[in-house]
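Peer 1: Sequence first, then the predicted structure:
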Amino acid sequence: MLIDIKELHKNYIMGDFEVPALVGINLQIKKNEYVAIMGPSGSGKSTLMNILGCLDTPSTGNYLFNNVDVNTLNDDELSMMRNKEIGFIFQTFNLLPKMSALHNVELPLMYAGIGKTERIEMATKALDRVGLADRMEHKPSELSGGQRQRVAIARALVSNPGILLADEPTGALDSKTGIEIMNLFNELHKEGNTIIVITHEKEIAEYANRTIFIKDGLIFSDEENSKN
């Protein structure tokens, strides 16, 4: 099992009050699954995403990632886990504006201490994989929204992570470009990647094989998608 979460709770301190964000989440995700996590604002889906991505830790409960107990990791180990095992894709792309597409994709490899020649080779392959071999030297301002998101996907893929974790990946794109990005996710899933998409849009969730709906910090439903 790639992800195994049991009785996970997350509370936030707001002044004198403790506010529950997640209330006893139980969740398992296998390798090479394509999962959408849906829910309205305030449902807890963003909190769950942060915990899945090792950006936050639960208040109580267990989270095993590839049989590693995430709760036992210190900050450096969590950082290493994020860099090696989790490819993040954000709605706002999070690209460095003064760097080329190639250098943006290289960044996780630099943090991992990989040498320049190998970095360039790996980043070039990742950009080619998302159809941007001819845009490697372009800066984000010279690319369309869809191309910027493809750079972000290449950056997420470059270190061959255990999962791709995409937070509203089409939120800043027009409908046509959004469809192109979701079709790319389909291709990546067919190649063996595990993909988790956080979305509030039913149309986006339907691209996945499984949809988990969160409401009031609880899993309200967990169903296979009939379209797939």
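Peer 2: Perfect, I can see it now.
Peer 1: Okay, and the beta partners of the residue nearest the centre of the chain?
Peer 2: Centroid check for the chain by Cα atoms, centre = their mean gives residue 165 as the closest residue, at 1.2 Å. Beta-bridge partners for residue 165, by DSSP bridges, are residue 88, residue 196.
Peer 1: isn't it right next to residue 90, touching?
Peer 2: No. Using Cβ atoms under 8 Å, residue 165 makes no contact with residue 90, being 9.5 Å away. For every residue, glycine as well, the C-beta is placed using N, CA and C.
Peer 1: list the buried ones in the helix or strand containing residue 77?
Peer 2: Assigned by DSSP states H and E, residue 77 belongs to helix 75-85. Across helix 75-85, burial judged by 16 or more other Cβ atoms under 10 Å covers 78, 81-83, 85.
Peer 1: which of the residues you listed lies closest to residue 170?
Peer 2: Residue 170 has its nearest neighbour among the buried residues of helix 75-85 in residue 82, at 23.0 Å by Cβ to Cβ.
Peer 1: which ones are touching that closest one?
Peer 2: 53-55, 88 (Cβ atoms under 8 Å, 6 or more residues apart in numbering).
Peer 1: Make TSV from those residues and add secondary structure to it.
Peer 2: Below are those laid out as TSV (DSSP: H, G, I helix; E, B strand; the rest coil):
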residue	secondary structure
53	coil
54	coil
55	coil
88	strand
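Peer 1: What's the PyMOL line that selects buried ones from those?
Peer 2: Buried residues among those (16+ other Cβ under 10 Å), as a PyMOL selection:
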select buried, resi 53+54+88
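Peer 1: For the lengthiest helix in the chain, the averaged confidence score.
Peer 2: When the chain is parsed with DSSP state H, its longest helix is helix 175-190. For helix 175-190, the mean pLDDT works out to 93.
Peer 1: cool, stretch 201-219 as well?
Peer 2: On average, stretch 201-219 scores 95.
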